[in-house]
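*Asks:* My questions concern the predicted model and sequence given below.
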Amino acid sequence: MTQRALDSSGEQTPGPSRPAMIDAGAELDPVHPMEPPPPPHRPGGLTTAEVAERVARGEVNDVPVRSSRSVTEIVRANVLTRFNLIIGVLWVIMLFVAPIQDSLFGFVIVANTGIGIIQEWRAKKTLDSLAVIGEAKPTVRRDGVAAEISTHEIVLGDVIELGPGDKVVVDGTVAEADSLEIDESLLTGEADPVIKRAGDPVMSGSFVVAGGGAFTATKVGREAYAAQLAEEASRFTLVHSELRSGISTILKYVTWMMVPTAIGLIISQLVVKDNNFKDSVARTVGGIVPMIPEGLVLLTSVAFAIGVVRLGRKQCLVQELPAIEGLARVDVVCLDKTGTLTEGGMDVTEVRPLNGSDEAYVQEVLRTFGASDPRPNASLQAIIDAYPADGDGKAAWTVTDAMPFSSARKYSGAAFTEADGTASAWLLGAPDVLLAEGDATLTEIEQLNKQGLRVLLLARVQGDDLDAPGAAAGAAPTALVVLEQRLRPDAGDTLAYFADQNVATKVISGDNAVSVGAVAGKLGLAGAENTLDARRLPTDPDEMATAMEQNAVFGRVTPQQKRDMVAALQSRGHTVAMTGDGVNDVLALKDADIGVSMGSGSEATRAVAQIVLLNNSFATLPSVVAEGRRVIGNITRVATLFLTKTVYSVLLAILVVCTQVEYPFLPRHLTLLATLTIGVPAFFLALAPNKERAQPHFVRRVMRYAIPSGIIAAAATFATYLLARHHYTGEGALDAETSAATLTLFLVAMWVLAIIARPYTWWRIGLVAAMGLGFLIVLVVPWLQDFFALKLVGTTMPWTAVGIAVAAAVLLEFTWRWVGRRFGA
């Protein structure tokens, strides 16, 4: 815990108390149109005893955890499913009417459910531990000491300090304000920051863009405004996932097909056919169970969960699970330069006095400027490091006024009383904003920018009203402060990775466009020479989208423009990821399809991002993309396996109903086939590396292969079954017919697996071979023959079954290649 004693002498005196007023903020809460008077300000905060009293009364900031769900919810989600209910009922029936071999499918479901629960629990533990690391820790005053505490420890009446980038975590009333500007756009949609003064209300969910201060908490926990809005969403929420919604669609169609087919099968086997009752029940269940793609949902959940654990080991916090999938579908990545391509810190390499200014005088101005802001940004911190205050921490001059840096205006300001009593006012910021276009100094600055250096202008202004709209007009250039940015050593490789994956990269920065382009060029960004000053960016969304597609580097971008640029790219059908760490990135991060924040970023950016890189390494992003591609590509593969089984099971049941014959399989046969051709291989294939670029239209891509494969498998199997019925007679004929049909179905299903396992690697070939060997062992080991009721009789029919399977395999190859050419991969 970080603590510091409050300096009462340096503390700003709060404004005069006044009754609460209805303002724009008050309109946000329709339940409480009249706010109660603000509590009296206590600069030192609550005492330990007062905090304990409030905790005892329950006046604590108890809010839902965004990144996780409880163990009970995990168990419920894995156990209480529609298909588990169906299979559970069928399992109970089979335990009473058939040997244990025909109940194996129930044990498989129990094992699957257990695996799903364990993997999701592991993911929960990973998410929860990472969430603690990445949690925002507001600074709260208690017993006269300022200390960082967890958000959930805040109590009613706490005095909470604010600075640039800080998120307002609970509702409250401003107690102290030092040029405090708060962005409420995430709550109200209003783009312009709101200037807050003592006595004004602040809403949870807003964030500080400039200045500082403190506020007193008036509503905590679920009473706070943002918590009321997000009570449901802040629990284990999921962004849109095409994979999950696609699987839900598939399961809906499966249910529609399964119900009438199962009813027909029941009537056919139990009513029409005059067979042994228990055998008929077993064969009916054997027809219904394989229609259910029970492992598909499980494998999807496990794939996501294992992805979370893998990324967690790399200090990557996934706050919304399908964000892994989303980043894999991204085709444009918008990067903020500072903190992403460059490290947060900078170094002053040179100070160039202008117009004959005295260098010692300029250094004193910069030294005092550094002392004017208690929460300096990276640029001002570099100046403070280069020109530190005296040993007592104070500058020789006196600061009379200060205006903190704002991303919207691109400069900060300060007014001083110099040692001789002279008053002066200064601005420090972007030269091309403070100077008139065509000023001779800009030519000199342009040369520095081309070297990738960051340049600030120190300019003297008339008057002492720094907040005045025209304060920069007539600013007299006094000196250039040249800063060198530290490039991230891994940024170049990451940019090269995105280029290799055909993901367009756009660098969006508030800095000078030429300087940003030079930095991007040093890192090898393709198109870094195509720079555009955002002040010349068209406002029309369509024209803006064209400009975004034609250029790679954008400078002097305002926070609102970043948001508009993301929207413009999305309007052209692009899936956009936005990375950033500063408060000026919050709006764009919120609107992007996937928001990625650095762990060292502001509280506000970490709060809105779906992915937080806790190690502050841009190089972690390729790992996230790779995990997403593994999940999407592999689930598409295994979904085809599962749905091929569903299609051939439904068709076999329909053919049995239409021809009024016994269903060819017992549950044990299809449990064996499903385990060897789907269950075990699917588990390995779902977790294997996969670098294929994610493709849209999940359902369409799966069904265009699964339906023809299922039709071919069902036709080949039923043909073998009908031929076997004519070939075998007498006692044991049904078992022999079942064995021949099982052989054909296994071989055809194995060929589907062999196609899906491509491109082959040594382990994929070994996997397919091992499954084939497993079936062969069942056929040759006597006790396994008896256990699974599989025994090939004679040679004619088994070889006929193999021949039909070979013909089906040839037809499968032709069909898959035709589908690939006709519809694309």
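*Replies:* Structure's in. What do you need?
*Asks:* remind me, longest helix of the protein?
*Replies:* helix 621-659 (DSSP state H).
*Asks:* Distance from that one to the middle of the chain?
*Replies:* The chain centre lies 25 Å from the centre of helix 621-659; the measure is Cα atoms, centre = their mean, to the nearest Å.
*Asks:* next structured bit after it?
*Replies:* Later in the chain than helix 621-659, the nearest helix or strand by DSSP states H and E is helix 667-674.
*Asks:* what's that following helix in contact with?
*Replies:* 94, 98-99, 101-105, 108, 282, 285-286, 289-290, 645, 649, 738, 742, 745-746, 749, 775, 778, 787-790 (Cβ atoms under 8 Å, 6 or more residues apart in numbering). The C-beta positions use only the backbone N, C-alpha and C, and glycine is treated the same way.
*Asks:* Surely residue 466 is within a strand?
*Replies:* No - if the criterion is DSSP: H, G, I helix; E, B strand; the rest coil, then residue 466 is coil and not within a strand.
*Asks:* OK, contacts around it?
*Replies:* By Cβ under 8 Å, 6+ apart, the neighbours of residue 466 are 401-403, 413-415, 425, 427.
*Asks:* next one: residue 498
*Replies:* Residue 498 neighbours (Cβ under 8 Å, 6+ apart): 333, 504-505, 622.
*Asks:* Centre of the chain to the helix or strand where it lies, how far?
*Replies:* Assigned by DSSP H and E, residue 498 belongs to helix 491-500. Offset of helix 491-500 from its chain centre (Cα atoms, centre = their mean): 20 Å.
*Asks:* Grab the nearest non-local neighbour of residue 823.
*Replies:* residue 704 (5.7 Å; Cβ to Cβ, 6 or more residues apart in numbering).
*Asks:* what number of residues lie near that neighbour?
*Replies:* Residues near residue 704, counting by other Cβ atoms under 10 Å, number 18.
*Asks:* same thing with residue 51?
*Replies:* Residue 51: 22 neighbours (other Cβ under 10 Å).
*Asks:* Could you do residue 259 as well?
*Replies:* The local packing count at residue 259 equals 12, with neighbours defined by other Cβ under 10 Å.
*Asks:* Please report the distance of it from residue 290.
*Replies:* 15 Å (Cβ to Cβ, to the nearest Å).
*Asks:* Then residue 347?
*Replies:* Taking Cβ to Cβ, one finds residue 347 at 67 Å from residue 290.
*Asks:* which one of the two has more residues nearby?
*Replies:* residue 290 (24 against 12).
*Asks:* Quick check: the more buried one touching residue 651?
*Replies:* No - in this structure, residue 290 is not within contact of residue 651 by Cβ atoms under 8 Å, at 11.2 Å.
*Asks:* hmm, back to that, centre of the chain versus whichever helix or strand comes after the helix holding residue 498, how much separation?
*Replies:* Counting by DSSP H and E, the next helix or strand C-terminal to helix 491-500 is strand 504-508. In terms of Cα atoms, centre = their mean, the centre of strand 504-508 is set 19 Å apart from its chain centre.
*Asks:* The following helix or strand past strand 504-508: which residues count as buried?
*Replies:* Using DSSP H and E, the helix or strand that follows strand 504-508 in sequence is helix 513-522. Neighbour-count burial for helix 513-522 flags 513-522 (criterion: 16 or more other Cβ atoms under 10 Å).
*Asks:* Please enumerate the strands of the stretch 251-400 of the chain.
*Replies:* Assigned by DSSP state E, counting those that start in this stretch, the stretch 251-400 of the chain shows strands spanning 316-318, 332-336, 342-353, 398-403.
*Asks:* Low-confidence ranges, the stretch 351-500 of the chain, go.
*Replies:* 390-395, 464-465, 468-469 (pLDDT under 70).
*Asks:* That one: helices as residue ranges?
*Replies:* Taking DSSP state H, counting those that start in this stretch as the test, the helices found in the stretch 351-500 of the chain are 359-371, 378-386, 431-434, 440-450, 491-500.
*Asks:* what angle do the second one and helix 359-371 make?
*Replies:* Right, the one you point to is helix 378-386. Here helix 378-386 points in a direction 120 degrees away from that of helix 359-371 (axes from the mean of the first three to the mean of the last three Cα atoms, to 10 degrees).
*Asks:* Report all helices and strands that helix 378-386 contacts.
*Replies:* strand 342-353, helix 359-371, strand 476-487 (3 or more Cβ pairs under 8 Å, 6 or more residues apart in numbering; DSSP states H and E).
*Asks:* roughly how far is that helix from the heart of the chain?
*Replies:* 34 Å.
*Asks:* What residues sit buried inside it?
*Replies:* 378-384, 386.
*Asks:* Equivalent analysis for the last one, please.
*Replies:* Neighbour counts over helix 491-500 (16+ other Cβ under 10 Å) mark 491-492, 494-495, 498 as buried.
*Asks:* repeat for the first one
*Replies:* Of all the residues in helix 359-371, those buried under the rule 16+ other Cβ under 10 Å are 362-371.
*Asks:* Then the fourth one?
*Replies:* The neighbour-count criterion (16+ other Cβ under 10 Å) identifies 441-442, 445, 448-449 as the buried residues of helix 440-450.
*Asks:* Tabulate those (a markdown table), appending distance to residue 728.
*Replies:* Compiled in a markdown table, the buried residues of helix 440-450 are given as follows (distance: Cβ to Cβ, whole Å):
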| residue | distance to residue 728 |
| --- | --- |
| 441 | 98 |
| 442 | 94 |
| 445 | 92 |
| 448 | 91 |
| 449 | 87 |
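*Asks:* Between these, which sits nearest residue 205?
*Replies:* residue 449 (37.3 Å; Cβ to Cβ).
*Asks:* The nearest residue to residue 666 once chain neighbours are set aside: how many residues sit nearby?
*Replies:* Nearest non-adjacent residue to residue 666, counting by Cβ to Cβ, 6+ apart: residue 286, 4.9 Å away. Residue 286 sits with 28 neighbouring residues when counted by other Cβ under 10 Å.
*Asks:* Show the average pLDDT along stretch 634-654.
*Replies:* Stretch 634-654 shows a mean pLDDT of 87.
*Asks:* now swap in stretch 772-784 and tell me
*Replies:* Confidence over stretch 772-784 (mean pLDDT, whole number) is 91.
*Asks:* Which residues does that stretch contact?
*Replies:* 672, 676, 746, 750, 785, 788, 790, 792.
*Asks:* Now the buried members of the residues you listed.
*Replies:* 672, 676, 746, 750, 788, 790, 792.
*Asks:* Now for the last one: which residues touch it?
*Replies:* Remark: with contacts taken as Cβ under 8 Å, 6+ apart, residue 792 is in contact with 736, 739-740, 743, 779, 798.
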